[in-house]
Each structure stands twice: as structure tokens, then as C-alpha cells.
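Would you be able to build a 3D model of this:
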Amino acid sequence: MAHLTGKRVAFLLTDGFEDSELTSPWQAVTDAGATASLVSPADFTVTGKNGHEQQVDLAVGDADAADFDALVLPGGVVNADHLRMDEPSIRFTRAFFELHKPVGVICHGPWILIEAGAVDGRTITSYPSLKTDLKNAGATWVDEEVVVHDGLVSSRTPRDLPAFNAKVVEEVAEGKHIGQIV
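Numbering: from 1, shown residues only. As a prediction, this is how the structure comes out:
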């Protein structure tokens, strides 16, 4: 397993996230030695669709992508829909691509990537209902367990989490990716 000692990974989400899409990658990166931080437009705590509650570490309006080594975007329809409408969340997400840093996204999470202008020309997977949205934004959509494209790791659903987690840890360990741009 890759060692992420000294690395900082931001998890951007708000209420209505898919619980396991936060808890499982969080555990994977922290087990590998990284420090994980929950960044959110929500105040104090966020609650997943199945009831998992977690404290917010940093308001997205105060967050700077330069302070982190990677970003993870859990899914969940409500979470993803709210984030794609939040300008500070969009700016924060876009900044990771501008800085060539790894990004992991799963399920409905890619909606914010569309708003950030970060999918055109990329190969990506997601929950199947996002296929047309991603294609219309210029992405090549594929139905695969995990896809890695220039530091962008994407997966479809919670059942893909083992492959997703492994690739997120690998990409964070590799560091910046020159192809990771908007």
C-alpha cells in the first residue's frame, strides 16, 4: 500500500451524501497515513442519507486548494445537487485541477466537475444517470468499476469502493499530474 504520510486530503460534501462514499475513502486515505479534512458549505456537521454524521473541519469559503494534496468528492444525489449550485464549492473544486492535484469522484459527484469545467476531453465513469450530462459536457463516459484519467479517479457506486479507494490512494501518493487541468 502507498504511504501518504504528510499528505492532506480534502473531502468536499454537504448533507445528503452517500454515507459509505465518505467513510470508506476517508478510512483508506487515513489508514495510508494522510490527514483527511471535511470541507463543506454546511455549518458544524453534515448528515448522510443513511444517518452518518460528521463534523465539518473547514468552511469551503475559507478553504484553499493549495493547502491540500488531493480532493475527494463523494456522491449522493442531494449532496451532489447542492454542491453544484454552490459557487465557493465550484471554485474550490476547479482549483485542484488548476493546481494539477489528484481528484477522486464517485456516483453523482461528477455534477460539480461539470460546473467546474473539468470534464471536457476526459474519460470518466459515474452513476449511470449522469451519462448524458457528462457526454454533453464533453466527457467520454464509460461503464467501468474505476477509471483513472490524468489524476482524476472516478467510480460508479458504493460497490466499486474497494477499487476506487485503492486508486485514490495510488494517485495521491503519485502527487501532481501535469494533465490534471481545466
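
Where do the helices of this protein begin and end?
19-31, 77-83, 87-98, 110-115, 131-136, 161-174 (DSSP state H).

which of those is buried the deepest?
Most buried of these, by mean neighbour count (mean count of other C-beta atoms under 10 Å): helix 110-115, with a mean of 25. Where you see a C-beta, it was placed from the backbone N, CA and C, and this is true even at glycine.

hmm, back to that, tabulate the helices of the chain (a markdown table), appending mean pLDDT and distance to Gly61.
Converted to a markdown table, these look like this (pLDDT from 0 to 100; distance: least, C-beta to C-beta, whole Å):
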| stretch | mean pLDDT | distance to Gly61 |
| --- | --- | --- |
| helix 19-31 | 98 | 20 |
| helix 77-83 | 97 | 13 |
| helix 87-98 | 98 | 5 |
| helix 110-115 | 98 | 15 |
| helix 131-136 | 98 | 26 |
| helix 161-174 | 97 | 24 |
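
quick one: the nearest residue to Asp67 once chain neighbours are set aside and Trp111, what's the gap?
Spatial nearest neighbour of Asp67, excluding adjacent residues (C-beta to C-beta, 6 or more residues apart in numbering): Arg8 at 6.6 Å. For Arg8, the distance to Trp111 equals 24 Å [C-beta to C-beta, to the nearest Å].

Could you do Arg122 as well?
14 Å.

How about Gly121?
Counting by C-beta to C-beta - Gly121 and Trp111 are separated by 18 Å.

Val153 versus the nearest residue in space to Val168 that is not next to it in sequence, what's the distance?
Spatial nearest neighbour of Val168, chain neighbours left out: Gly104 (4.0 Å); criterion: C-beta to C-beta, 6+ apart. Using C-beta to C-beta, Gly104 is found at 4 Å from Val153.

cool, and Arg84?
Taken as C-beta to C-beta, the span from Arg84 to Val153 is 19 Å.

neighbour-wise, which of these two wins?
Counted by other C-beta atoms under 10 Å, Arg84 and Val153 do not tie: Val153 has more neighbours, with 28 against 19.

Can you name the residues that contact the residue most central in space within the chain?
For the chain, the residue nearest the mean C-alpha position is Leu73 (2.2 Å; C-alpha atoms, centre = their mean). Listed by C-beta atoms under 8 Å, 6 or more residues apart in numbering, the contact set of Leu73 reads 11-13, 80, 83, 93, 103-106, 109-110, 112-113.
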